[in-house]
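Participant: My questions are about this predicted structure, shown below with the sequence.
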Amino acid sequence: MSIRQQKTITEELIDSIKDYFDETFESDINSLKKLLNRYSEATETIPDISVFENNPMYEPFEKDFELKYNAFKQIIETNTELIEDKIKSPSVPINLKDSRPSFNDLDDLIGEINEKIISHNNKIDKKESEFKKLKAAFGI
C-alpha cells in the first residue's frame, strides 16, 4: 500500500465499511427469518388430510385428493427447507418452487367435492319437504 493510500484509507473508514456490511447482512437475515415465520404461519393453516378424509363425499376422490394434497405439502416443505438453508448460507442462491399450480389443482378438487356435498344436501332438503307433503296428503 502506498503512502497516499494509507492517508485515504483510515481505520475509521474500514470500520465504517465493515459496520455497513454487518448491518446490511443482519437486516437481510432478519428479513429472511420474518419471511420464514410468515410462510410457516401460513402453511400451518392448511388443514390436515384427516379433515377431508372424515367427509363421506371424499371417498370417490380419495386417490386423486391424496396425490394432489401430498404434492402440495411436499412443495411447501421443500420451500420451507430452502428458506432455512438460505438463512444458514445467505450467499447461496435459491429458487423457491411455485406452489400456486399445485394449490389450484387441490382447490379445484375441493370445489368438486363441495359441489357433491351441496347436491347431496339439496336432495336431503327436497326429501324432507316431499315427505312433509306426503304426510299432509295422508293427514298424518
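Facilitator: It's in.

Participant: so which helix or strand takes in the spatially most central residue of the chain?
Facilitator: By Cα atoms, centre = their mean, the chain has its centre lying nearest to Thr43, at 4.1 Å. Here Thr43 sits within helix 11-44, counting by DSSP states H and E.

Participant: burial measure for Ile76, as a count.
Facilitator: 19 (other Cβ atoms under 10 Å). All C-beta atoms are positioned from the backbone trio N, CA, C, and that covers glycine.

Participant: what does Phe103 give?
Facilitator: So Phe103, with other Cβ under 10 Å, has 16 neighbours.

Participant: Quick check: it touching Lys73?
Facilitator: No. Between Phe103 and Lys73 there is no contact, the gap being 10.6 Å when judged by Cβ atoms under 8 Å.

Participant: just checking, the residue nearest to the centre of the chain touches Ile75?
Facilitator: No. Counting by Cβ under 8 Å, Thr43 does not reach Ile75; the two are 10.1 Å apart.

Participant: Low-confidence stretches in the chain?
Facilitator: 1-8, 13, 15, 19-21, 134 (pLDDT under 70).

Participant: Quick one: the helices in it, in order.
Facilitator: Remark: helices assigned in the chain by DSSP state H are 3-8, 11-44, 49-53, 62-88, 100-137.

Participant: so which of those gets nearest Ile94?
Facilitator: With respect to Ile94, and counting by Cβ to Cβ, the nearest of the helices of the chain is helix 62-88 at 4.7 Å.

Participant: Would you mind finding the most buried of the helices of the chain?
Facilitator: Most buried of the helices of the chain by mean neighbour count (mean count of other Cβ atoms under 10 Å) is helix 62-88; its value is a mean of 15.
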